[in-house]
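S.K.: how does the following fold in three dimensions:
(chains A and B)
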Amino acid sequence: MDHSMRHDFLDRFSRLDSPIHRLPSALKLSFAFALILLVILVPIHVWWVSGILIVLLLIFFVSSKIPWRFVAARLLFLEPFVLGVAVMALFQHDGLTIFLRIVIKSSLCLLTMILLSNTTPFTEILSFIRRIGIPALLVTILALTYRYLFVLIDEAARFRRARNSRTFSSHRTKVWMSLASIIGQLFIRSTERSERIYSAMISRGWK
Amino acid sequence: MRMHIPDGFLDAKTAIASGVFSAAGLGTALRHTRRHLHSREIPLIGLTAAFIFVAQMLNFPVAGGTSGHLIGATLAVVLLGPSVAVIVMSSVLIIQALIFADVGLFELGANIFNMALVAPLCSFIVYRIIRKIFQDNRGQLFAASVASWCATIIAAVVCAGELVWSGTAQWNVVFPAMVGIHAFIGIGEALITMLVLAAIGNTRPELLEDKSRSNSGKEQKAVLLYGILIILGLLIFVVPFASKLPDGLERVAKTFGFENKAIENQSFSAPLKNYRFYGFELSETSSILAGIIGAGSVFVFLFVLSRVIVPKSKNGMNSKTPPL
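M.R.: Sure thing, here's the model as predicted:
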């Protein structure tokens, strides 16, 4: 279980070196968004558009050197969420067509985002959205969130390891209580850490 | 099933409308934060967003091998106030969209509207109302848990409305399915929220004090703006379908101009009318009655539980916490 808590599963390959990774991030982001727009707005039965999109995505995927196992695993992991919502489309006139349309569109968008997030470091995404006019305050908060996400994931993993090595009960009530106290402790440590971060930021001249 | 809408489920008009509402709401929250909060709070907001993100990854075992996890909107509202909660939940969703890909990028606006505006504001209102009645710290746990249950359901209803407006699914399927499932997910959310708050209260009770920043007049203005945005959203996403509850199908058919097709295919659509979703037919009154009984028993259950979790002896010192 603890193996799934490693933090590098998020955007593990975003710092690889490949022709795609070396492209300017602004280009990749705008392109990904245009691709998603196309997938959503063009009806799926316009086969040549869908075909071109799929070929483009495959070209990016191959030249980005991301292991196919990783992409397949991410897709398989995310697909249940898509199917869970899509299943409600079945209960209507011509439901199966709508269902298939949604699943195909959704999967193409997922693939686009998996490729984007694994070819573009998040800091570059942030500097791009700063340039297109997202408020600086939000960008600062996003940068902090991303930076400390990994720290907190490690911290939660340590809590879990400590709990697993001390408790032998799998009673559901106890599991819930201990998970809740882990979350509570995580929040308390986050507030304390945020005070230290603030002092560090101030002492380095952040206004 | 979760409330996260992946890409491909909403059409352009729904995505753009909800995007405009979320941008306005998030903008209001950011302006409020910039003007009225000390810059010391900014690292705290970032860290809380990371905290909620991580908390959402911890799975709580539920019966039969399934598991659920915290969503965290109410927790953020109780700990940090509504405006900060809006920013925190939005940041979580933005990061999930950009690097985790489980939130649609094109659907980001809708997701922010449901989970970062409707859920926190609904929690805030319910929490405040109950807090006025039950003012001790057990009342706080009760208020927070009821608030998270209500917020989960209302966010699910808005989500259902968005799916219907996009023509992805039909109201008389999505509405009972979303509300039915989220009535249970909401109980999980309420329990986790209550347990986490109790755990925080055990070690650092001062973190649970209803912060002065939440009842300042400045925040009232921001809250009013969120309220207006959400009412507008409800008017567009939910009311057109809900107002004709028994005829949801006809309404959807008319909106999207396939009513003739629906009539041709009567044999297929008829069994779904009048909520025959769970295999038995519910009339409108009996489903409302069932809803009231269900909600009532959830409230009683949460009330009793909040009394059990915090024993009375621990209640002495902190019992005169002023209402929010």
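S.K.: CA only for contacts and neighbour counts going forward, please
M.R.: Fine.
S.K.: next, residue 67: phi, psi?
M.R.: Because you didn't say which chain, this covers chain A. In terms of degrees, to the nearest 10, the main-chain angles of A:P67 are phi -60, psi 140.
S.K.: I was after chain B.
M.R.: Per degrees, to the nearest 10, the backbone of B:S67 is at phi -150, psi 160.
S.K.: residue 128: neighbour count?
M.R.: All of this refers to chain A. Other residues lying near A:F128 total 17 when counted by other CA atoms under 10 Å in any protein chain shown.
S.K.: oops, chain B please
M.R.: 20.
S.K.: could you do A:L35 as well?
M.R.: 19.
S.K.: got it, and A:R172?
M.R.: 13.
S.K.: that one: what's it in contact with?
M.R.: Contacts of A:R172 were listed using CA atoms under 8 Å, 6 or more residues apart in numbering or on different chains, and they are B:61-62.
S.K.: show me where chain A has its helices.
M.R.: A:19-22, A:25-41, A:47-63, A:68-86, A:95-117, A:122-131, A:136-166, A:172-203 (DSSP state H).
S.K.: what's the most buried one of those helices?
M.R.: helix A:95-117 (a mean of 22; mean count of other CA atoms under 10 Å in any protein chain shown).
S.K.: packing partners of it?
M.R.: Helix A:95-117 is packed against helix A:25-41, helix A:47-63, helix A:68-86, with contacts defined by 3 or more CA pairs under 8 Å, 6 or more residues apart in numbering or on different chains; DSSP states H and E.
S.K.: chain center to the last one, what's the gap?
M.R.: So that's helix A:68-86. Its chain's average C-alpha position is 12 Å from that of helix A:68-86, according to CA atoms, centre = their mean, to the nearest Å.
S.K.: kindly report the same for the second one.
M.R.: Distance of helix A:47-63 from its chain centroid, counting by CA atoms, centre = their mean, is 22 Å.
S.K.: just the C-alpha atoms of it, please, in PDB.
M.R.: Taking C-alpha atoms only, helix A:47-63 is exported to PDB below (Å, rounded to 0.1, in the frame of the first residue of the first chain):
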ATOM      1  CA  TRP A  47     -14.000  10.700 -38.700                       C
ATOM      2  CA  TRP A  48     -11.200  12.500 -40.500                       C
ATOM      3  CA  VAL A  49     -10.900  15.000 -37.700                       C
ATOM      4  CA  SER A  50     -10.800  12.300 -35.000                       C
ATOM      5  CA  GLY A  51      -8.400  10.400 -37.100                       C
ATOM      6  CA  ILE A  52      -6.000  13.300 -37.500                       C
ATOM      7  CA  LEU A  53      -6.200  14.000 -33.700                       C
ATOM      8  CA  ILE A  54      -5.400  10.400 -32.800                       C
ATOM      9  CA  VAL A  55      -2.500  10.300 -35.200                       C
ATOM     10  CA  LEU A  56      -1.200  13.600 -33.800                       C
ATOM     11  CA  LEU A  57      -1.400  12.300 -30.300                       C
ATOM     12  CA  LEU A  58       0.400   9.100 -31.200                       C
ATOM     13  CA  ILE A  59       3.200  11.100 -32.900                       C
ATOM     14  CA  PHE A  60       3.600  13.200 -29.700                       C
ATOM     15  CA  PHE A  61       3.400  10.100 -27.500                       C
ATOM     16  CA  VAL A  62       6.100   8.300 -29.500                       C
ATOM     17  CA  SER A  63       8.500  11.200 -29.800                       C
END
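S.K.: what does that helix contact?
M.R.: A:18-20, A:35, A:39, A:42, A:44, A:108, A:111-112, A:115.
S.K.: let's see 7 Å
M.R.: Contacts with helix A:47-63, where a contact means CA atoms under 7 Å, 6 or more residues apart in numbering or on different chains, come from A:18-20, A:44, A:112, A:115.
S.K.: kindly report the same for the longest one.
M.R.: Taking CA under 7 Å, 6+ apart as the criterion, the residues outside helix A:68-86 that touch it are A:99, A:102-103, B:1, B:6, B:102.
S.K.: okay, the angle between it and helix A:47-63?
M.R.: With axes from the mean of the first three to the mean of the last three CA atoms, to 10 degrees applied, the angle from helix A:68-86 to helix A:47-63 works out at 140 degrees.
S.K.: could you do the first one as well?
M.R.: Helix A:25-41 and helix A:47-63 are oriented at 150 degrees to each other (the same axes, to 10 degrees).
S.K.: so, low pLDDT: which residues of chain B?
M.R.: B:1-3, B:211-217, B:243-284, B:311-324 (pLDDT under 70).
S.K.: what about the longest helix along it and chain A, touching?
M.R.: The longest helix of chain B (DSSP H) is helix B:171-203. Yes: using CA under 7 Å from any CA of the partner chain, we find that helix B:171-203 touches chain A at B:173-174, B:192, B:195-197, B:199-200.
S.K.: and the end-to-end length of stretch A:59-71?
M.R.: 14 Å (CA to CA, to the nearest Å).
S.K.: thinking again about what came up before, how far off centre is the longest helix of chain B?
M.R.: The chain centroid and the centroid of helix B:171-203 are separated by 9 Å, computed with CA atoms, centre = their mean.
S.K.: could you do stretch B:70-84 as well?
M.R.: 11 Å.
S.K.: and that stretch, end to end?
M.R.: End-to-end distance of stretch B:70-84 (CA to CA): 18 Å.
S.K.: ok, and what's touching that stretch?
M.R.: B:29, B:45, B:52, B:55-56, B:85, B:89, B:119-121, B:123-124, B:144, B:147-148, B:189, B:192-193, B:208, B:214.
S.K.: in helices, which of those residues fall?
M.R.: B:29, B:45, B:52, B:55-56, B:85, B:89, B:119-121, B:123-124, B:144, B:147-148, B:189, B:192-193, B:214.
S.K.: hmm, which of the residues you listed are the buried ones?
M.R.: Among the ones in helices among the contacts of stretch B:70-84, those classed as buried by neighbour count (16 or more other CA atoms under 10 Å in any protein chain shown) are B:29, B:45, B:52, B:55-56, B:85, B:89, B:119-121, B:123-124, B:144, B:147-148, B:189, B:192-193, B:214.
S.K.: max pairwise distance over the contacts of helix A:47-63: which two?
M.R.: A:S18 and A:I44 (31.1 Å; CA to CA).
S.K.: more neighbours: which of the two?
M.R.: A:I44 (17 against 13).
S.K.: that one and chain B, how far apart?
M.R.: Note on A:I44: its distance to chain B, by CA to the nearest CA, to the nearest Å, is 11 Å.
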